[in-house]
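Asker: Model the structure of this input:
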Amino acid sequence: MRMPADQVTRETFWTVGPVGKAVFYYLAAVAVALFLYGTYRRFARYADGDDDWFDRLDDLPGRVVSAASVVLSNRNQFDRDAYAGVMHAFVLWGFLTLLIGTTILGIDIDLWRPVTGESFFVGDFYLSYSFVMDAMGLLFVVGLAMAMYRRYTERDGRLWGKHTSLEDDAFVLTLFALGVGGYVIEAFRIVGTATETGSGLQFLAFEQVSFVGFFLAGVFAELGLRPALAETLYHWGWWSHALLAFGFIALVPYGKPFHMVSSFANVVTRDDEAGVRLPGVPADAAPDEIGYGSIEDFSWRHILDQDACTKCGRCSSACPAKASGRNLDPRDVILDLKRYREELDAGRTEAVDIVADGGSSVVAAESMESCMSCMACMDACPVDIEHVPQFTQLNRRLTETGQMDEAVQEAMMNVFQNGNTFGDPARNRPDWTDDLPFDVPDAREEDVEFLWYVGEYPSYDDRNRRVARSLATLFERANVDYGILYEDEQHDGNDVRRVGEEGLFEMLVEDNTEAFASATFEKVVTTDPHSMNTFRNEYPEVSEFDDPVFHYTEVVENLVEQGRLGLDGTELDYTVTYHDPCHLGRMNDVYDAPRDVIRATGVDLHEMPRNRSESFCCGGGGGGLWMDHDEETKPSEERLREALEDTDAGDAVEKFVVACPMCGTMYEDGRKTGDFEDDIDVVDIAELLCEALDERGASVPGSAGSPATAD
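Answerer: Numbering: from 1, shown residues only. Down below sits the predicted model:
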């Protein structure tokens, strides 16, 4: 049955009547009021949080546009998990379309018609509207079905944990009921407005644009549904759908659905350098004001973090501490803090220590000591929760209350007294240079292009002294204008800060900055990515140091490109894999330079499954190098197993290549404890290059070479 084009539409309140319409608007107003009040209370609670150290509301319009791009593209959800990306995209785009469609309908009924006396919800507009709503609503339902399949059929382990509750089930099932229910009600309407003929039901022809509802209407008609019963079912179905929708809207701010608001706010207020650079401590802060000791100490952004958590478990599945059996699950820490805050605000619990070693506390000291500060959790989080800065604040509280791990305390005391964690005298720092056939320039006595910060492990540790000598040899052979600080160099402070010793970190910044000022140079080059990270990202925040800082692989890459190392035609006959150090790759986006240098030696380079931003931490960060953890399998052992079994080269991998002294130390230990000593060698890139040069019998270039550059 056909109708004139200008009459093609549908009655929104069909079967409802004037009284029902009034009740509908009343319930809608109540639902919206509860939603607005609950949202206001949430954001008012954030305002009670401590001031944030970072101005997160600068250029707010630009931040909103950027966040909208991130959220609407679903790129964070697609990262590492294409299935989840498609699922979330369908749900998000479908939900937004249905929300916008409902808003458009409200504008027509409550604004346009009263003002103009006409409706724009007719003709071609109505037909287009109906088709788009049916199409996007179908994506919404399919996305929710995908979510339920993964949760209830596959039972993906990362979706289940100590904080999984009926609330999670209610959230997804309510949305699914709303999506499917909408189509069922639409089908009832199509059947209810059909004409009965001798051959059956004749539907209004234009209803075909609502293709999902039209299909269901045909099914219902074949099952014997007739217009009179369909009209009755429509009436009760319409009210059931409306009440369920109003209940959902009203309860959004009071449960898991609020992440639809808070996660967007989290992305808007994100700090791209969070974790890479840590928050400082106010100069006038008293000892009991350092770190997070109570909920009142949390910044408003970190309270928002807790509400933004969707329980997706991506952080848990990426965490090397959890994978190795340590007492840490990043998701549980965030949600434990949220639950404690909500119960405390509601008066359902008494105040306890946020973090403590033993006794009653929200977070166990052991959990914070287990964190490697590798930022895998933050990189995996689709809503930009800042785990590491919060964990650092908790570690600061442990430090201020004298609850630091004994091994870490000893290391910190060595740093305080001698400038290094080994406890060796500063005068021994340059001893690694003694066996070299050339003199290493003193940057305190002559102007240089590169001030080379050697670092403590290449200076004091026998294994890593080979790395320092190899890098010095490369600089000499390429005629790099460089120098070191000899005994004036002290610990860089990167991991000192991450275990919570902010005061000691500030002392090291002052001492190292003073040492840098004693030399004349253009750029800093570091052996250790940890040093590069703190010099590049943190020293400028707390000192006058602001010189360009590079990791040695960035400098050596340029030397290779300029042909100054004479590697052309080099063919080392090795099959190797490369491990991305967390501080070099994930934190500072240096991925290609190390690989380019490795390939220049002619080796056969194969990637491990977890590479680049998804690299698996060696276990040494965040003080892990100084602690003896009780763990099922060391992260270093797991990583070496991956190198031997999971690369496309299989067990043919002969060398495990690193670009970080800390990684080298941890993997040498993992070779022994994991019984891999006969299977694979651990070698630094600098050592690999020197071996390649020895194979070619390369000589030291003359002085005519151009200066090395790193941009």
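Asker: quick one: Leu605 and His579 touch, right?
Answerer: No - applying CB atoms under 8 Å as the test, Leu605 and His579 come out as separate, 11.8 Å apart. C-betas here are computed from N, CA, C, even on glycine.
Asker: More neighbours: which of these two?
Answerer: A count of neighbours by other CB atoms under 10 Å puts His579 above the other of Leu605 and His579, at 30 against 18.
Asker: separation between the residue nearest to Arg301 when sequence neighbours are not counted and Ser294?
Answerer: Excluding the flanking residues, the one nearest Arg301 by CB to CB, 6 or more residues apart in numbering is Asp52, at 5.0 Å. Relative to Ser294, Asp52 is positioned 17 Å away (CB to CB, to the nearest Å).
Asker: Ok, Thr392 next?
Answerer: Distance from Thr392 to Ser294, by CB to CB: 17 Å.
Asker: Those two - which one has more neighbours?
Answerer: Neighbour tally, Thr392 and Ser294, criterion other CB under 10 Å: the higher count belongs to Thr392, 24 against 14.
Asker: my read: the more buried one touches Leu278, true?
Answerer: Yes - using CB under 8 Å, Thr392 is in contact with Leu278, at 5.4 Å.
Asker: In this structure, where is pLDDT below threshold?
Answerer: The model of the chain has pLDDT under 70 over residues 1-6, 53-54, 696-711.
Asker: try it again with 50
Answerer: 699-707 (pLDDT under 50).
Asker: how about stretch 71-83: buried residues?
Answerer: Neighbour-count burial for stretch 71-83, counted by 16 or more other CB atoms under 10 Å, picks out 71, 74, 76-81.
Asker: Go ahead and produce CSV holding the CA coordinates of it.
Answerer: The C-alpha trace of stretch 71-83 is given here as CSV (Å, rounded to 0.1, in the frame of the first residue of the first chain):
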residue,chain,number,x,y,z
VAL,A,71,37.1,8.5,20.5
LEU,A,72,35.2,8.6,17.2
SER,A,73,38.0,6.9,15.3
ASN,A,74,38.2,4.2,18.0
ARG,A,75,41.9,4.0,17.4
ASN,A,76,42.8,3.2,21.0
GLN,A,77,40.3,0.3,20.9
PHE,A,78,41.8,-1.0,17.7
ASP,A,79,45.3,-0.9,19.1
ARG,A,80,46.4,-4.5,19.9
ASP,A,81,42.8,-5.9,19.5
ALA,A,82,41.0,-5.6,16.1
TYR,A,83,38.0,-7.5,17.4
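Asker: Off-centre distance for that stretch?
Answerer: 12 Å (CA atoms, centre = their mean, to the nearest Å).
Asker: How about stretch 478-489?
Answerer: Mean-position distance between stretch 478-489 and its chain equals 37 Å (CA atoms, centre = their mean).
Asker: where exactly do the strands run in the stretch 501-650 of the chain?
Answerer: Applying DSSP state E, counting those that start in this stretch to the stretch 501-650 of the chain gives strands spanning 523-526, 549-551, 575-578, 604-606.
Asker: next one: the stretch 201-350 of the chain
Answerer: Secondary structure of the stretch 201-350 of the chain, counting by DSSP E, counting those that start in this stretch: no strands present.
Asker: Could you chop this protein up by domain?
Answerer: Structural domains annotated on the chain: 60-156, 280-403, 408-696, as defined by automatic domain parsing.
Asker: Go through the ones you listed and name the closest to His235.
Answerer: Nearest of these to His235, taken as CB to CB: domain 60-156 at 18.8 Å.
Asker: Tell me the span between the first and last residue of that closest one.
Answerer: End-to-end distance of domain 60-156 (CA to CA, to the nearest Å): 37 Å.
Asker: Off-centre distance for that domain?
Answerer: 25 Å.
Asker: going forward, begin numbering at 82 instead of 1
Answerer: With the count now opening at 82, the last piece we talked about shows up as domain 141-237.
Asker: all helices for the stretch 532-681 of the chain, in order.
Answerer: 537-541, 543-558, 575-579, 583-598, 610-618, 620-623, 633-642, 673-681 (DSSP state H, counting those that start in this stretch).
Asker: If you count contacts, what does the shortest one end up packed against?
Answerer: For helix 620-623, the elements it packs on are helix 583-598, judged by 3 or more CB pairs under 8 Å, 6 or more residues apart in numbering; DSSP states H and E.
Asker: do the same with the fourth one
Answerer: Using 3+ CB pairs under 8 Å, 6+ apart as the contact criterion, the elements in contact with helix 583-598 are helix 487-499, helix 575-579, helix 620-623.
Asker: contacting residues around it?
Answerer: For helix 583-598, contacts defined as CB atoms under 8 Å, 6 or more residues apart in numbering pick out 361-362, 371, 477, 480, 493, 496-497, 500, 532, 566, 569-574, 577-578, 605, 619-620, 623-626, 628.
Asker: Of all the residues in the one helix or strand Gly260 maps to, which ones are buried?
Answerer: Assigned by DSSP states H and E, Gly260 belongs to helix 247-273. Residues of helix 247-273 classed as buried: 249, 252-253, 255-273 (neighbour count, 16+ other CB under 10 Å).
Asker: Neighbouring strands - and their directions - for the next helix or strand after that helix?
Answerer: Next in sequence after helix 247-273, counting helices and strands by DSSP H and E, comes strand 276-278. Paired neighbours of strand 276-278 in the sheet (DSSP bridges): strand 281-283 (antiparallel).
Asker: Check the offset of the strand it pairs with from the chain's centre.
Answerer: Put simply, strand 281-283 sits 56 Å off its chain's centre (CA atoms, centre = their mean).
Asker: Contact partners for the closest residue in space to Ala404 that isn't next to it in sequence?
Answerer: Distances taken as CB to CB, 6+ apart put Glu719 closest to Ala404, at 6.6 Å, once the chain neighbours are dropped. Counting by CB under 8 Å, 6+ apart, Glu719 touches 401, 404-405, 697.
Asker: Give the buried residues for the strand or helix carrying Gly119.
Answerer: For Gly119, the element it lies in under DSSP H and E is helix 98-128. Within helix 98-128, the residues scored as buried using 16+ other CB under 10 Å are 105, 108, 112, 115-116, 119-120, 123-124, 126-127.
Asker: Redo these as CSV? Include distance to Pro610.
Answerer: Formatted as CSV, the buried residues of helix 98-128 follow (distance: CB to CB, whole Å):
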residue, distance to Pro610
Phe105, 61
Leu108, 58
Ala112, 52
Leu115, 50
Phe116, 47
Gly119, 45
Thr120, 42
Arg123, 39
Phe124, 39
Arg126, 38
Tyr127, 35
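Asker: any idea how far Phe284 lies from Val636?
Answerer: Using CB to CB, we find Phe284 at a distance of 74 Å from Val636.
Asker: which one of these two has more residues nearby?
Answerer: Set side by side, Phe284 and Val636 show more neighbours around Val636, with 27 against 18, by other CB under 10 Å.
Asker: Cheers, nothing more for now.
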